[in-house]
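Peer 1: The sequence and its predicted three-dimensional model are supplied below.
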Protein chains: 4
Amino acid sequence: MLGGAVCDERTGRQAYEVGRRIALGGAVLVCGGGGGVMSEAARGAAGEGGRTVGILPAADAAGSPPNPHVELPIFTGLGQARNLVVVLSAAAAIAVGGGWGTLSEIALALKHRIPVVTLSSWRLALPDGRAEPLLTEARDPVHAVELALAAAGGVGR
Amino acid sequence: MLGGAVCDERTGRQAYEVGRRIALGGAVLVCGGGGGVMSEAARGAAGEGGRTVGILPAADAAGSPPNPHVELPIFTGLGQARNLVVVLSAAAAIAVGGGWGTLSEIALALKHRIPVVTLSSWRLALPDGRAEPLLTEARDPVHAVELALAAAGGVGR
Amino acid sequence: MLGGAVCDERTGRQAYEVGRRIALGGAVLVCGGGGGVMSEAARGAAGEGGRTVGILPAADAAGSPPNPHVELPIFTGLGQARNLVVVLSAAAAIAVGGGWGTLSEIALALKHRIPVVTLSSWRLALPDGRAEPLLTEARDPVHAVELALAAAGGVGR
Amino acid sequence: MLGGAVCDERTGRQAYEVGRRIALGGAVLVCGGGGGVMSEAARGAAGEGGRTVGILPAADAAGSPPNPHVELPIFTGLGQARNLVVVLSAAAAIAVGGGWGTLSEIALALKHRIPVVTLSSWRLALPDGRAEPLLTEARDPVHAVELALAAAGGVGR
């Protein structure tokens, strides 16, 4: 689950529902561990008894406090290089909303051929006009999690 | 839990018992996710129903296959820089046996003021002869986990 | 200088000219050290007596051989997390052509508020429609380097 | 050149002389870019017209100001994970003085089979009593640089 530390109310509701559906689908939610989209998604997953992992930028909780819905915080001390760890630890990624950090995660995921589903997020086309088969846009949170679980199964990570 | 991918039989038995005691102590076992000491410790923890996290050097399971006792693999793609993530995600570290990778983890932990307990591992004294209060040597696996759980509680990470 | 390891002939010519102009402008060329756009830009800079730095993904030259125009290779062993090091070491970034790796660099640069100039590269608009003042599109290589040198001076990194 | 940000006067003089000899030997000085041993070594190298590279922990000069003798600062944003980049970019490493950060660099270098020369620094023996052929202790700065240049040539990095 990729997304920024600040989000509007509608994006937050979408993130919450995505987290809930990930837990109901039996998957582990991996996110950046911070606020905004990350916190809402973790809250949704934790509320359904799902497992939540937060991969944080700073070296300790003083530097980057995990949101209260993260069950397992992983401190990296790597700053934004932790974005790579977030995407590599997922079998498929769902990006909700997002700024530049989220875009870097989408790009790093696709560089590593990890499927990405976007929801109210960046719309991207390769500069040469080709389509990227691993990148799909979801209509709503239910659709996003369906696409991601199918993609994760297909990749078999 | 810090330790190398290759170990002799005695060190393996110690790692297994350390893993078992970590689980019985109600703590999560975080390790590098590979073989040797990491695998034995994870096997010990998993056998008692404990939680096990493996923070792996490669970008995917093809590059660095997690040992079969790792419940939650975190792929980093960072090579040996992942050693920093292993130590920062622990409230206290136990080093069992070990080569240069393990020594780098001990040093990174102490650089970040994370307590380290050693067992059949490196014996270190600061070059200037001062003692390092956060570094202690355990007699056996039971002692190692007692020391680590006490240190983890004291630090409150 | 951001760009991929594979590029078509026209993009290669643009990268070469960008490298040449960076050297003529008295700036150091920092790139990912590999082939394609990175190699052409380094060739252009080195041909004018400019300084070239290559920040490479693997731990040694066997893993990621620097292109022959890199004067100072920095091996990181960090895989794609090295993209962060490439952008942070630049006062301004020029992206020529590009795939997902290049997009991750553009995004990481802007996340850190480092100005980015694009040339035959990704066209990006923030999802909410706002403009990003630190991102500009160049007409040609000369324009790209002019914009980047001006931006680098303005930021004072 | 590995070493800590704080050092006593004698260690500082040794670092300065090591830097000077590296430059006179025609090699590039790569260090962590900070104060103490790093600054003294860079001052020594720069004074002889040598090239100096500083690989810094923070994302920008505000976070980790390079010492004034660093000609080429590389900002990583990786915290102590930048220690890996420092050692991998060297053909051989000289450790002068040092605390836990320096020890992590010595260990990471040897993990990657990069030769290490120590001077007034950690004395290490493998826990099993074996000798490490890539680790040697120098008598003085001149000896340290002789050993390192010979080792660098032998490795051919």
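Peer 2: Arrived safely.

Peer 1: so what's the spatially closest residue to A:Gly34 that is not a sequence neighbour up against?
Peer 2: Spatial nearest neighbour of A:Gly34, excluding adjacent residues (CB to CB, 6 or more residues apart in numbering or on different chains): A:Ala5 at 4.5 Å. Every residue, glycine included, has its C-beta placed from N, CA and C. Neighbouring residues of A:Ala5 by CB atoms under 8 Å, 6 or more residues apart in numbering or on different chains: A:32, A:34-38, A:101.

Peer 1: Just to be sure, which of those are found in helices?
Peer 2: A:37-38, A:101 (DSSP state H).

Peer 1: what helix or strand is the residue nearest to A:Gly34 on?
Peer 2: Secondary structure assignment for A:Ala5, by DSSP states H and E: no helix or strand.

Peer 1: these two touch, right, A:Glu132 and A:Ala109?
Peer 2: No - the pair A:Glu132 and A:Ala109 does not pass the contact test of CB atoms under 8 Å, sitting 10.9 Å apart.

Peer 1: of the two, who's got more company?
Peer 2: A:Ala109 (26 against 14; other CB atoms under 10 Å in any protein chain shown).

Peer 1: ok, now how distant is the more buried one from B:Ala59?
Peer 2: 11 Å (CB to CB, to the nearest Å).

Peer 1: Give me the neighbour count for A:Cys31.
Peer 2: There are 31 residues near A:Cys31, going by other CB under 10 Å.

Peer 1: quick one, what contacts it?
Peer 2: Contacts of A:Cys31 by CB under 8 Å, 6+ apart are A:1-3, A:37-38, A:41-42, A:52-55, A:70, A:86.

Peer 1: repeat that for 6 Å
Peer 2: Residues near A:Cys31 by CB atoms under 6 Å, 6 or more residues apart in numbering or on different chains: A:1, A:38, A:41, A:54.

Peer 1: distance of the spatially closest residue to the second one that is not a sequence neighbour from A:Val96?
Peer 2: If the residues on either side of it in the chain are set aside, A:Met38 comes closest to A:Cys31, at 4.4 Å by CB to CB, 6+ apart. From A:Cys31 over to A:Val96 the distance is 10 Å, taken as CB to CB.

Peer 1: next SSE after the helix or strand harbouring A:Glu40?
Peer 2: Taking DSSP H and E as the criterion, A:Glu40 maps to helix A:37-47. The helix or strand immediately downstream of helix A:37-47 is strand A:52-56, counting by DSSP H and E.

Peer 1: quick one: contacts of that following strand?
Peer 2: Everything outside strand A:52-56 that qualifies as a contact, by CB under 6 Å, 6+ apart, is A:29-31, A:33, A:42, A:45-46, A:64, A:66, A:69-75, A:82, A:85-86.

Peer 1: Restricted to buried residues, select those residues in PyMOL.
Peer 2: Per 16 or more other CB atoms under 10 Å in any protein chain shown, the buried members of those correspond to this PyMOL selection:
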select buried, chain A and resi 29+30+31+33+42+45+46+64+66+69+70+71+72+73+74+75+82+85+86
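
Peer 1: what packs against the helix holding A:Glu40?
Peer 2: Packing partners of helix A:37-47 (3 or more CB pairs under 6 Å, 6 or more residues apart in numbering or on different chains; DSSP states H and E): helix A:9-24, strand A:29-31, strand A:52-56.
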